[in-house]
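In: Quick check, what structure comes out for this input:
(chains A, B, C and D)
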Protein chains: 2
Amino acid sequence: MQEAYRALADPHRRTILRVLRGGEETAGDLASATGLRPAALTHHLTVLKLADLVRVERRGQYQVYSLNTTVFQDLVSEVLSWLTEPIPADGTPLPKSGDST
Amino acid sequence: MQEAYRALADPHRRTILRVLRGGEETAGDLASATGLRPAALTHHLTVLKLADLVRVERRGQYQVYSLNTTVFQDLVSEVLSWLTEPIPADGTPLPKSGDST
DNA sequence: GTAGTATTTCAGTAATTACTTAAATACTGA
DNA sequence: TCAGTATTTAAGTAATTACTGAAATACTAC
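Out: From the prediction side, this is the model:
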């Protein structure tokens, strides 16, 4: 999962993911959507592929990118689990708010 | 939100957040939980504070950290919304799988 | 083949990040 | 006040990251 969290940290990459939620797009379309130059876009797409968040397929002249919804859902589920599965505190007592002096 | 996404990108910071899910902890306890040296821990806590994901309160000798559940839930909600609110594709047609030559 | 379009790779650079040690600060209890 | 504990700040370094322009690759249509 580390690669997926890392992938989310960049706003351009989150834009790419959001655009791909609407369906597959060519690399060129993603470049327009993000305002990135080709080489910079490729860099971000590489990070997203490393995280297995997107898939590519060559279609003629184009590279067509799409969301790998499986991994994407796993990621969301993991973050969500943080809300629903609290980790019990260990027994170590902590000073209470009025405790000092 | 950018700061929050950035904060999630580091595994030590995710550990800190998970530990705090179980209740407030002193900086020292968090250092033990993560295996970080004091100065490195402070660095990560600063990032988490910047993202408003954690709060601190001095309690005597200790600094007691806790989750800011509001922001934390906002973050989870936003990620979750990516699954439930697809962005409609624009009208631009894309080449279909069999299209080439 | 050749020209044109789409995309990636390469090599280098600037900015950011995580970390270190040492010193400073904030508090406690005697 | 002093010694001790907890934590942060400061200054520097090494690694990582995002980006650039230029060259290379992959394909299409003639």
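In: element containing A:H12, please.
Out: Of the helices and strands defined by DSSP states H and E, A:H12 is found in helix A:11-21.
In: Give me the neighbour count for the closest residue to DNA strand C within chain A.
Out: Proximity of chain A to DNA strand C (C-beta to the nearest atom of the strand) peaks at A:G28, 2.5 Å away. For the C-beta atoms, the positions are set from N, CA and C on the backbone; glycine is no exception. Counted with other C-beta atoms under 10 Å in any protein chain shown, residues neighbouring A:G28 total 13.
In: With A:L20 instead?
Out: For A:L20, the neighbour count with other C-beta under 10 Å is 25.
In: what pairs with the closest residue to it other than its chain neighbours across the strands?
Out: Closest residue to A:L20 apart from its sequence neighbours, by C-beta to C-beta, 6 or more residues apart in numbering or on different chains: A:L67 at 4.3 Å. With DSSP bridges applied, A:L67 shows beta-bridge pairing to A:V54.
In: what's around A:L67, how many residues?
Out: 23.
In: ok, now which ones touch the residue of chain A closest to DNA strand C?
Out: Taking C-beta atoms under 8 Å, 6 or more residues apart in numbering or on different chains, we find A:G28 in contact with A:Y62.
In: Against B:E3, how distant is the residue lying closest to A:L36 once chain neighbours are set aside?
Out: Spatial nearest neighbour of A:L36, chain neighbours left out: A:H12 (6.0 Å); criterion: C-beta to C-beta, 6+ apart. Distance, A:H12 to B:E3, by C-beta to C-beta, to the nearest Å: 16 Å.
In: and these two? which has more neighbours close in?
Out: The residue with more neighbours, out of A:H12 and B:E3, is A:H12; 17 against 14, by other C-beta under 10 Å.
In: now the strands: where do they sit in chain A?
Out: For chain A, strands defined by DSSP state E occupy the ranges A:25-26, A:54-59, A:62-67.
In: before we move on, the earlier item: A:R37 is in contact with the residue nearest to A:L36, correct?
Out: No. Using C-beta atoms under 8 Å, A:H12 is not in contact with A:R37, being 11.2 Å away.
In: residue contacts, the closest residue in space to A:E3 that isn't next to it in sequence?
Out: Computed as C-beta to C-beta, 6+ apart, the closest residue to A:E3 that is not its neighbour in sequence is A:A51, at 3.9 Å. By C-beta under 8 Å, 6+ apart, the contact set of A:A51 is A:E3, A:A4, A:R6, A:A7, A:V71.
In: Can you tell me which of those residues is closest to DNA strand D?
Out: The closest of those, once distances to DNA strand D are taken by C-beta to the nearest atom of the strand, is A:R6, at 5.6 Å.
In: Count the neighbours of that closest one for me.
Out: Look at A:R6: counted by other C-beta under 10 Å, it has 18 neighbours.
In: Please report how far the closest residue to it other than its chain neighbours lies from B:E25.
Out: Using C-beta to C-beta, 6+ apart and skipping the chain neighbours, the partner closest in space to A:R6 is B:A9 (5.0 Å). Distance, B:A9 to B:E25, using C-beta to C-beta: 22 Å.
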